[in-house]
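K.L.:
Return a 3D structure for these sequence lines:
(chains A and B)
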Amino acid sequence: GQNIDQPTEMTATEGAIVQINCTYQTSGFNGLFWYQQHAGEAPTFLSYNVLDGLEEKGRFSSFLSRSKGYSYLLLKELQMKDSASYLCAVRYTNAGKSTFGDGTTLTVKP
Amino acid sequence: GAVVSQHPSRVICKSGTSVKIECRSLDFQATTMFWYRQFPKQSLMLMATSNEGSKATYEQGVEKDKFLINHASLTLSTLTVTSAHPEDSSFYICSATRTGQGGYTFGSGTRLTVV
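P.N.:
Here you go, the predicted model:
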């Protein structure tokens, strides 16, 4: 299978910056997604990377290195509401099917 | 844009009965929808890919006769859990993508409890 690895848990302070890493198997790669999921709710789409580099969207940025099989999600100016699970998902075929990592539970403390 | 509606949001059913979950794309046509299952504190697990007008593609280990998927139109896919058992209790989520969106829009999810 296509292993997608991301840390299980992270803790950060309100107002700070946090980086959540994701590594994946590169064979057949066709796009990487980041989603945010609050407890008991469905995921919401944050970002999509298919080319190398940094995509910035407000307080959230996502980076991709295809050769290294590596991505990170950067959250700036953390707010309490950013406490959630962050899912890294990789699309491996043109059919659009994605494989999800186990998610990183981020806790933002005052 | 790109809104996906999922209904019901919560359902409790008796063991042995069947439950139907609907997933609708409200403002776009979705030729492909995906059905996921998520157990507590675990990640999403893709169950099947639903294609409009054709049979769904099921992931390995997912029983197609138990989880019936019908994608009758470009805006509606349904998942029916047949002869439900307590171990089928889970959070079921659908998602869809529109051409050029680059991402997936998820429905709000259905929490199924089988008693």
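K.L.:
Quick check: which element contains the most centrally placed residue in chain B?
P.N.:
The centroid of chain B falls nearest to B:W35 when counting by C-alpha atoms, centre = their mean (3.7 Å). Using DSSP states H and E, B:W35 sits in strand B:32-38.
K.L.:
Which positions in chain A make contact with chain B?
P.N.:
Residues of chain A lying close to chain B (C-beta under 8 Å from any C-beta of the partner chain) are A:31, A:33, A:35, A:40-45, A:47-48, A:50, A:87, A:95-103. For glycine as for every other residue, the C-beta is placed from the backbone atoms N, C-alpha and C.
K.L.:
again, only this time at 6 Å
P.N.:
Residues of chain A lying near chain B by C-beta under 6 Å from any C-beta of the partner chain: A:F33, A:A42, A:P43, A:F45, A:Y48, A:G96, A:K97, A:F100, A:D102, A:G103.
K.L.:
Now the first one: which helix or strand?
P.N.:
Translated: A:F33. Per DSSP H and E, A:F33 falls inside strand A:32-37.
K.L.:
Give me the distance from that strand to the chain's centre.
P.N.:
Offset of strand A:32-37 from its chain centre (C-alpha atoms, centre = their mean, to the nearest Å): 5 Å.
K.L.:
So which of the residues of chain A next to chain B sits lowest on pLDDT?
P.N.:
Note: of the residues of chain A next to chain B, the lowest pLDDT belongs to A:G96, at 61.
K.L.:
if we can go back for a sec, mind listing what the strand holding B:W35 pairs with, with the direction of each?
P.N.:
Note on strand B:32-38: by DSSP bridges, its sheet partners are strand B:45-51 (antiparallel), strand B:90-96 (antiparallel).
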